[in-house]
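**Student:** Need the 3D shape of this:
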Amino acid sequence: MTSRPIAARPVADVPPVIEESLSDAERADLKARIWQRMREQDAILLAHYYTAADLQNLAVETGGCVADSLEMARFGHAASAKTLLVAGVRFMGETAKILNPEKRVLMPDLRAECSLDLSCPADDFAAFCDQHPDRTVVVYANTSAAVKARADWMVTSSIAVPVVRHLAERGEKILWAPDRYLGDYVQRTTGADMVLWQGSCVVHERFKADGIRELKREHPEAAVLVHPESPAEVIALADVVGSTTQLINAVRDLANPTCIVATDNGIFHRMHEVAPGKLLLEAPTGGRGATCVSCAHCPWMAMNGLRNLLDVLESGTNEIHVDPAIGARAVRSISRMLDFAAGRQVDVRGQSGD
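**Tutor:** Below is the predicted model:
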C-alpha cells in the first residue's frame, strides 16, 4: 500500500548548468598546481561519476578514485590521506565525513546540493516518521546526515531491492525516502508494504518515455539503460535498470553496438572509457517543442571544477562538518547496510550520487 506523506518541499532556484571552459594550457597549469597542493596537504581526490571529465581524470592520475558516493567514502577511509577532497554534492561530503570523522573533508563548492536531499528536510521528515512509528525507516544515500541519523537503514540503489525484500520477508512495513520513483520501483519489485516520501531527482524525473520510444525507432539495435530514479513509464522501456556502476558495466558487457542512456550524462566519460567503440545516446528529457532535447546533467554537480578545487586547497575553506552525535547515529544506518551486504555478498557500489 502507498499513502500520501507530508508534501515534500519543492526544490526552488535550481542553478543553471555552467561548464568550466579551459584552454589546454590553463588545464595543465591548474592540474599541476592542484597536485602540488595535494602533496603538501596529504590530500586525495574523490570524484563522482557525474562530475566533469577533468576532475575524473585528475582523480585517477593522482591516485584517487572515481565512483559513487558510498565507494568514494569507503575509498577515503581505506586511504592513508589526512584530507579528502570530495568532488560531488554536499551529501557526498557528509557521507565521507560520517565514515571518516577523523579526517578533514573539503569540497570545491558547499553550495553544490542535491534535489533529493533538498526535498527531504530533516525536521519535516522526522515528523513524517513520527506519524508512522510502526514502520522501518529506509532512506536512500542521497540524504543529509540528519536524515540518515533518523533512519534504521541507509541503502544505495544497487542494494535497495535486496534490503527491502529481506525486511518484507521478516514482516516489516517500510517507510521510504526520499525518491518516489526509486521507491515505487522497489515496491513493485518486492511487493513490500511501503509508504513513500514524495521527493525526486531533477535530472531523472525529466526523462520522457515518448522521446525514448522515438529514439529507439531510429536506433532499433540500441539497448535502453535506465536508472531506477526515473518515472515508471521510462523504466518500463528499459533493457537494463541499474545503478551507476551497473549501467557502466552493462555498456561494457552488452553486445548491442548502441546504448540509449537515461541517467546523468556525466557518466558518459567513464562509459566511453570502458566501451570506446559503442555509440552512446542521451535519453531525451524534453518533449516536443522543448528548447533542450536532453538536459540530463545535474546543475549542482556542474559547480565542481579545477579552478574552485585549487581555490579550496589554497584557502582551506569549504570544510564539511557533521555534528558528532548525528554522525554517530547516521553511521549505524550505513553500517547496517554494509553488514547486510557483506553477509549476502551483495555489491553496494554504484548508487546514483545524485
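
**Student:** Please count neighbours and contacts with C-alpha atoms only from this point.
**Tutor:** OK.

**Student:** Now tell me what touches the longest helix along the chain from outside.
**Tutor:** Longest helix in the chain, counting residues (DSSP state H): helix 324-344. Residues outside helix 324-344 that contact it (CA atoms under 8 Å, 6 or more residues apart in numbering) are 98-99, 145-155, 159, 163, 346-348.

**Student:** go on, stretch 70-84?
**Tutor:** Contacts for stretch 70-84 (CA under 8 Å, 6+ apart): 41-48, 65-66, 92, 95-97, 99-100, 103-106, 141, 156, 349-351.

**Student:** could I get it in CSV with only the CA atoms?
**Tutor:** What follows is stretch 70-84 as a C-alpha-only set of coordinates in CSV (Å, rounded to 0.1, in the frame of the first residue of the first chain):
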residue,chain,number,x,y,z
LEU,A,70,29.5,5.4,-0.9
GLU,A,71,32.5,4.0,-2.6
MET,A,72,34.1,7.4,-2.5
ALA,A,73,33.7,7.5,1.3
ARG,A,74,34.9,3.9,1.7
PHE,A,75,38.0,4.6,-0.5
GLY,A,76,38.8,7.7,1.6
HIS,A,77,38.5,5.5,4.7
ALA,A,78,41.0,3.0,3.4
ALA,A,79,43.4,5.6,2.2
SER,A,80,46.1,7.0,4.5
ALA,A,81,45.5,10.6,3.4
LYS,A,82,44.6,13.1,6.1
THR,A,83,42.5,15.3,3.8
LEU,A,84,39.7,14.1,1.5
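
**Student:** tell me which residues in it are buried?
**Tutor:** L70, E71, M72, A73, F75, G76, H77, A81, K82, T83, L84 (16 or more other CA atoms under 10 Å).

**Student:** One more: stretch 332-340?
**Tutor:** R332, S333, I334, M337, L338, F340.

**Student:** Make CSV from these and add pLDDT to it.
**Tutor:** Shown next, in CSV, are the buried residues of stretch 332-340 (pLDDT from 0 to 100):
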residue, pLDDT
R332, 97
S333, 97
I334, 95
M337, 92
L338, 90
F340, 92
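
**Student:** Let's see which of the contacts of stretch 70-84 end up in strands.
**Tutor:** If you go by DSSP state E, the contacts of stretch 70-84 have A43, I44, L45, L46, A47, H48, C65, V66, R104, V105, L106 in strands.

**Student:** residues in contact with the third one?
**Tutor:** With contacts defined as CA under 8 Å, 6+ apart, L45 is in contact with L58, A59, T62, G63, G64, C65, L84, L85, V86, A87.

**Student:** Kindly recompute the last result at 10 Å.
**Tutor:** 35, 38, 55-56, 58-66, 72, 76, 81, 83-87, 106-107, 309 (CA atoms under 10 Å, 6 or more residues apart in numbering).

**Student:** Next: the fifth one.
**Tutor:** The neighbourhood of A47, defined by CA under 10 Å, 6+ apart, consists of 53, 55-60, 64-69, 72, 85-88, 92, 304.

**Student:** So which of the ones in strands among the contacts of stretch 70-84 is surrounded by the most neighbours?
**Tutor:** Neighbour counts for the ones in strands among the contacts of stretch 70-84 peak at L46, which has 32 neighbours (criterion: other CA atoms under 10 Å).

**Student:** Can you verify my assumption that that one contacts V86?
**Tutor:** Yes. At 5.0 Å, L46 and V86 qualify as touching, with contact defined as CA atoms under 10 Å.

**Student:** which residues do the two both contact?
**Tutor:** S69, M72, A73, G76, M92, G93, A96, M107.

**Student:** tell me which of those is nearest to R217?
**Tutor:** S69 (34.9 Å; CA to CA).

**Student:** any idea how far V224 is from that closest one?
**Tutor:** Note on S69: its distance to V224, by CA to CA, to the nearest Å, is 24 Å.

**Student:** These two: which has the busier surroundings?
**Tutor:** S69 (32 against 25).

**Student:** so that one touches V86, yeah?
**Tutor:** Yes. Using CA under 10 Å, S69 is in contact with V86, at 9.2 Å.
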